[in-house]
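Participant: model the structure of this input:
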Amino acid sequence: MKWTYKDMSTVKVRAIVLKNMSLKEKDKLVCLYSLELGKIYVSMKGVRGEKAKLKSAKEIFCFGEFILEQTKTNYIVTGVDIIDNFYNLTKDIDKYYEGCAILDIVDKVESQPNPPLFIEIIKALKTLCYDDVKKYYCICKFLIDIFAGMGYNFITSECSSCKSQLLHKYFNLDFGELVCPACRTALCVPISEACYSSLKILNMIDYEKLKNLKLNEPGTIEAYKLLCKNFEWRTNYQVLDIK
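Facilitator: All right, here's what the predicted structure looks like:
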């Protein structure tokens, strides 16, 4: 039995485009992460055409209020009120790849509605797009907060195992925690004071203040690599390379 317009209901969601794929003719299948429904796939009809009204709404980073018609099998986008498309990210290759990595992380780790995460995504992209923030700061901050959401608040001054003060620090990949030399195992990697300092500062600071930071560059790069390695261990997915 075919559905008719009577079988359709209208849904309105605030969402950001994570990725898109071409369908037959001029259509797109778009992956949204929405505040209300979490991750959903929607059809956008005719948006690959040059004169399509919703042409810009299919692109990654597009953040807006999407009007969806819910059918028996899928959602069809019938209108979009664009709030921001973060266009400036496309003008800077480093910022663009860092933004893509943030969206890819969301795509890999969350499918359910998660209001704190949704707010985190918008804050990260706004900072990356409009503030003069150094490379790695936004994605490191984002990953630290992602781990906190998973329950891994690992940036502490005490060994997670014996509770002694961490004069020399090792990261236990198996448990996602910091340990001292006496508690390290074969799955522990050493981290420098510069790396730890970068992690600690990024953990405490708000996105709005990242533009004022001047962290030790080698320490920040080390922190980024450690966070990427931790993400792979925790999720079995790799962070998109932004080197």
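Participant: Cys162 against Cys183, yeah?
Facilitator: Yes. Counting by CB atoms under 8 Å, Cys183 is a contact partner of Cys162 at 5.5 Å. (C-beta placed from N, C-alpha, C; glycine too.)
Participant: next one: the longest strand seen in the chain to chain centre, how far?
Facilitator: Longest strand of the chain, by residue count under DSSP state E: strand 9-22. What separates the centre of strand 9-22 from the centre of its chain is 16 Å, taken as CA atoms, centre = their mean, to the nearest Å.
Participant: which strands and helices lie in contact with that strand?
Facilitator: On a contact count with 3 or more CB pairs under 8 Å, 6 or more residues apart in numbering; DSSP states H and E, strand 9-22 meets strand 28-34, strand 38-44, strand 63-70, strand 75-84, helix 93-109, helix 115-130.
Participant: other residues contacting the longest helix seen in the chain?
Facilitator: As assigned by DSSP state H, the longest helix anywhere in the chain is helix 217-235. Contacts to helix 217-235, defined as CB atoms under 8 Å, 6 or more residues apart in numbering, come from residues 105, 108-109, 134, 136-137, 139-140, 143-144, 146-147, 150, 152, 171, 173-174, 176, 189, 191-199, 202, 237-239.
Participant: re the thing from before, when Cys162 and Cys183 are compared, which one has more neighbours?
Facilitator: Comparing Cys162 with Cys183 by other CB atoms under 10 Å, the one with more neighbours is Cys183, at 17 against 10.
Participant: give me the contact list for stretch 62-81.
Facilitator: Contacts for stretch 62-81 (CB under 8 Å, 6+ apart): 3, 7-17, 30, 32, 34, 40-45, 54, 56-57, 82-86, 122, 125.
Participant: are any of those buried, and which?
Facilitator: With neighbours counted by 16 or more other CB atoms under 10 Å, the contacts of stretch 62-81 contain buried members at 8, 11, 13-17, 30, 32, 34, 40, 42-45, 54, 57, 85-86, 122, 125.
Participant: sorry, back to before: highest average neighbour count across the helices and strands packed on strand 9-22?
Facilitator: strand 28-34 (a mean of 22; mean count of other CB atoms under 10 Å).
Participant: can you give the strand pairings for that one, parallel or anti for each?
Facilitator: Taking DSSP bridges as the criterion, strand 28-34 pairs within the sheet with strand 9-22 (antiparallel), strand 38-44 (antiparallel).
Participant: closest to Tyr207 out of the ones you listed?
Facilitator: strand 9-22 (15.7 Å; CB to CB).
Participant: next, the angle from that closest one to helix 93-109.
Facilitator: Angle, strand 9-22 to helix 93-109, by axes from the mean of the first three to the mean of the last three CA atoms, to 10 degrees: 120 degrees.
Participant: need the CA coordinates for strand 9-22. CSV is fine.
Facilitator: Taking C-alpha atoms only, strand 9-22 is exported to CSV below (Å, rounded to 0.1, in the frame of the first residue of the first chain):
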residue,chain,number,x,y,z
SER,A,9,3.3,14.4,9.7
THR,A,10,5.4,17.5,10.1
VAL,A,11,8.4,17.5,12.5
LYS,A,12,10.6,20.5,13.2
VAL,A,13,14.1,20.0,14.5
ARG,A,14,17.2,22.1,15.2
ALA,A,15,20.1,20.2,13.6
ILE,A,16,23.5,20.4,12.0
VAL,A,17,24.5,18.5,8.8
LEU,A,18,27.2,15.9,9.6
LYS,A,19,27.6,14.5,6.1
ASN,A,20,25.7,13.9,2.8
MET,A,21,25.5,11.4,0.0
SER,A,22,24.3,11.8,-3.6
